[in-house]
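> This is a predicted model, with the sequence first.
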Amino acid sequence: MPKKARAKVDLKKIADGVRLMLEGMGEDPDRDGLRRTPERVADFYAELTEGMWQDPKEHIVPLPGDSHDEMVLVKDISIASVCEHHLAPFVGKCHIAYIPKGGRIVGLSKLARIAEIFARRLQVQERMTQQIAKTLFDQLKPVGVMVVIEAEHTCMTLRGVKKPGAVTITSAVLGGFRSDPRTRAEAMSLIKG
């Protein structure tokens, strides 16, 4: 976790809360197997939410001297996030496509970094998908942006309806991907392919 992010997280407060939770379940937080659990859980949630303290816009810096104007797609970016309703993790893949304008492209790893920053927050998948797309669209000013996220939510697979294997798919489509169905279809076929 970046030092800047770690400084904003009160690990002791999180650990104290986990200790209370264990006691609330009827467990003894001082027994051998649980003695360090509150601190481990505090570290786990601090890491899973480190994106709350990072600005994704810092990573959108166009590369100088390029003139690429065809679709760029990075698919199967692994993400892990935390459902803000149950504080349960959800994991999946993010696919990001954009069509540069005026040759403005970013390093491919920056797309993964932006997805990671938005994933590492208390989130809902629908909002995260929109945030990634809107940030890229606003900062890079491309012809269009399309973001598709596929994820399995433990708040749905381990509790409630208990449907393991159920995958939620969300998309955000902006600019040329929205106005041209052929471009959108091309991106979707590349994602599925």
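Nice, I can see it.
> Now do the helices in this structure.
In the chain, the helices defined using DSSP state H lie at 3-8, 11-24, 37-48, 108-119, 125-140, 154-157, 176-179, 181-192.
> Single out the most deeply packed of the ones you listed.
helix 108-119 (a mean of 21; mean count of other C-beta atoms under 10 Å). Yep, even glycine has a C-beta here, placed from its N, CA and C like the rest.
> Name the residue most distant from the centre of the chain?
Distance to the chain centre peaks in the chain at Arg31, reaching 35.2 Å (criterion: C-alpha atoms, centre = their mean).
> on that earlier part again, for the helices of the chain, give me TSV that also has mean pLDDT and distance to Gly102.
Formatted as TSV, the helices of the chain follow (pLDDT from 0 to 100; distance: least, C-beta to C-beta, whole Å):
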stretch	mean pLDDT	distance to Gly102
helix 3-8	63	32
helix 11-24	98	45
helix 37-48	96	37
helix 108-119	98	17
helix 125-140	98	10
helix 154-157	94	42
helix 176-179	96	14
helix 181-192	96	18
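> who wins for proximity to Pro62 among the ones you listed?
helix 125-140 (6.9 Å; C-beta to C-beta).
> Tell me which other helices or strands that closest one touches.
The helices and strands touching helix 125-140, judged by 3 or more C-beta pairs under 8 Å, 6 or more residues apart in numbering; DSSP states H and E, are strand 89-99, helix 108-119, strand 144-153, strand 168-175.
> contacts for the last one?
By C-beta atoms under 8 Å, 6 or more residues apart in numbering, the list of residues contacting strand 168-175 from outside reads 90, 92, 99, 125-126, 129-130, 132-134, 137, 142-153, 156, 184.
> at 7 Å what do you get?
Strand 168-175 is contacted from outside by 125-126, 129-130, 133, 137, 142-151, 153, 184, using C-beta atoms under 7 Å, 6 or more residues apart in numbering.
> Would you mind checking the average pLDDT for that strand?
Per-residue pLDDT values across strand 168-175 average out to 98.
> Strand partners (parallel or antiparallel) of it?
strand 144-153 (antiparallel) (DSSP bridges).
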